[in-house]
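Participant: Generate coordinates for the sequence data below:
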Amino acid sequence: MTFGKALRKFMNCADMKQTQLADHLGYDVSYISRWLSDAKLPSARSSSSLFKSIIRFLLKDCSDDCRNAVCKAFAINPALSDEAFESRCIAVLADSYKESSSHMAKPAPGSASGYTNNCHLSQLEVSFEYNNSLLARLTSELAAHSAVPILECISIPFTSDYGNNECIPFWRNILQELPKDSRLHLRMLADISDCGCHIKICRDICSFYGALKGNVCVEFYNIDRSLHSYESLLVFKNELCVITYQDALLGARNVLITQEPVVTERYYGAANYLLRGQLPLIVSSGFHALYERKYFQSFFTSPRLFSLHTSMPVFFVDMECLTPVLTRYGTPKQVLDMYAYYEKTLSRWTVFIYKSAVVRFLFDGELNLFLDTVMLSEQERRDYIAGLIRKLSEGNRLVVIDDVNPVLGREDLDFSLFLSDRSMFLVPHGEKSSSAVRHSADGRIIACFEHLAAALYSLPAHSAMQGKDVIQFLRQSMELI
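Facilitator: Coordinates of the predicted model:
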């Protein structure tokens, strides 16, 4: 039984609609439809957790009639315990996935065996995930056996790739398969003149930088793609060329993979020509270098300020409460100066923060200081929340957004985003806290992120708490400390 047929049977037994499952998983409903028709499979990397989430959601309010229908449809013993019944249902879905995967993994007609020859794949016959997996293995093999220490790549994706859940998993897959001792320099070209893609491009930029390893460098460039709308090009210098194109006769989107030196050199040269004289949209710099250049100071004096955080920022703390904490951690003078700038302009800020960041702070007390972090005691956490409530009562604005929302989910971000009318910068967190700050003063990329900010502002009430709801949420959260 294929994955699509198995999933459809489960949904029919539970009287579940596609829209309900899509909302629960955070996918577009078109994805669920493609799964059910066996036109597409979920990503192999997330399949195990996905199956568990699907089954638990379908069986959450399962009646006796629903359970009997499932047992009859999949020949499951009705006498099983609830836990064993759930495990068996998950296994059924996993087995059907393996069957569909093996069917889709068959070589396309005319394809050569192995990775050293040319392959021609049609997405009518082979899933996007399979093409993904093939390219990831190819990239890994090239990096492992290439005499070039840096694998340089230029990518011109379809405009439609942005934000449709394909461009992001594609590159995550590539990065995961890349050997640790190899280095990848990726130059990504995007057409940010298309107003309809502003939020999608921002989402992809955030996801790319959030998934970076230490051996990967990504640069974003703006390019007019009017002459290249018919294809998507991925070319590793002198190694591998992947062309995705629309077959007008078949009405299908095809993938051509080749290692012919003439082809790879020609396309790499053509793509490199497009970049001649172009500057990256986003630049990486050290925190101290940006401070010395007065970059942050000019940023904080902007009349329009916006920030999005994945961890609790330090700037809500009163200085009298903050001083002993900073003394304890030996915080550098630059961070204190930054705090002073932020505090002066805080009343003009709208700060967005993910709900999970607030909850995590209640339990571990971790506070973000740009590239550094400090830990607050239980009493210091209570003082922090109390001070935050007081600042909100004075007119400052904090918006607590759901980790899963239609604009920018928590999993897409591993840094804080700061935006003004003059510039923007991304400050990494966690294990990547030693990484450089990524910043831009390019009006085009700032305009894209302004669209992202506007979309966050317009999130519905069930995805974003504001005003009195935030204050009530914070007061209730203090009981968890």
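
Participant: hey, let's count contacts and neighbours off CA atoms from now on
Facilitator: Will do.

Participant: Start from the N-terminal end of the stretch 351-481 of the chain and give the helices.
Facilitator: Ranges of helices within the stretch 351-481 of the chain are 355-364, 378-393, 443-457, 468-477, based on DSSP state H, counting those that start in this stretch.

Participant: closest to residue 151 out of those helices?
Facilitator: The minimum distance between residue 151 and the helices of the stretch 351-481 of the chain falls on helix 443-457, with 26.6 Å, by Cα to Cα.

Participant: now the closest one, how far from the chain's geometric center?
Facilitator: The chain centroid and the centroid of helix 443-457 are separated by 17 Å, computed with Cα atoms, centre = their mean, to the nearest Å.

Participant: weakest of the helices of the stretch 351-481 of the chain by average pLDDT?
Facilitator: Sorting these by mean pLDDT places helix 378-393 lowest, at a mean of 86.

Participant: Quick check: which helices or strands does that helix pack against?
Facilitator: Using 3 or more Cα pairs under 8 Å, 6 or more residues apart in numbering; DSSP states H and E, the elements in contact with helix 378-393 are helix 319-329, helix 468-477.

Participant: would you turn these into a markdown table with mean neighbour count and distance to residue 1?
Facilitator: Supplementary listing: the helices and strands packed on helix 378-393 in a markdown table, determined by neighbours: other Cα atoms under 10 Å; distance: least, Cα to Cα, whole Å:
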| stretch | mean neighbour count | distance to residue 1 |
| --- | --- | --- |
| helix 319-329 | 13 | 59 |
| helix 468-477 | 15 | 47 |
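
Participant: For those, give me CSV that also has distance to residue 390.
Facilitator: Output for those, formatted as CSV (distance: least, Cα to Cα, whole Å):
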stretch, distance to residue 390
helix 319-329, 14
helix 468-477, 9
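
Participant: ok so, going back, let me have the helices of the stretch 351-481 of the chain in a markdown table, extended by distance to residue 35.
Facilitator: Formatted as a markdown table, those follow (distance: least, Cα to Cα, whole Å):
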| stretch | distance to residue 35 |
| --- | --- |
| helix 355-364 | 30 |
| helix 378-393 | 45 |
| helix 443-457 | 29 |
| helix 468-477 | 38 |
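
Participant: could you pull out the helices for the stretch 51-200 of the chain?
Facilitator: 64-74, 82-104, 128-145, 167-177, 198-210.

Participant: What residues of whichever helix or strand comes after the last one count as buried?
Facilitator: Right, helix 198-210. The helix or strand immediately downstream of helix 198-210 is strand 216-222, counting by DSSP states H and E. The neighbour-count check on strand 216-222 (16 or more other Cα atoms under 10 Å) flags 216, 218-222 as buried.

Participant: and the angle from strand 216-222 to helix 167-177?
Facilitator: Orientation check (axes from the mean of the first three to the mean of the last three Cα atoms, to 10 degrees): strand 216-222 against helix 167-177 gives 150 degrees.

Participant: Strand partners (parallel or antiparallel) of strand 216-222?
Facilitator: Strand 216-222 has the following sheet partners, assigned by DSSP bridges: strand 183-190 (parallel).

Participant: ok, back up a step: same list (the helices of the stretch 51-200 of the chain) but as a markdown table, adding mean pLDDT and distance to residue 365.
Facilitator: Shown next, in a markdown table, are the helices of the stretch 51-200 of the chain (pLDDT from 0 to 100; distance: least, Cα to Cα, whole Å):
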| stretch | mean pLDDT | distance to residue 365 |
| --- | --- | --- |
| helix 64-74 | 91 | 44 |
| helix 82-104 | 85 | 36 |
| helix 128-145 | 78 | 39 |
| helix 167-177 | 79 | 31 |
| helix 198-210 | 82 | 23 |
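
Participant: can you list those helices in a markdown table and add distance to residue 362?
Facilitator: A markdown table is the format used below for the helices of the stretch 51-200 of the chain (distance: least, Cα to Cα, whole Å):
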| stretch | distance to residue 362 |
| --- | --- |
| helix 64-74 | 40 |
| helix 82-104 | 32 |
| helix 128-145 | 39 |
| helix 167-177 | 31 |
| helix 198-210 | 24 |
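
Participant: With that, I have no additional questions.
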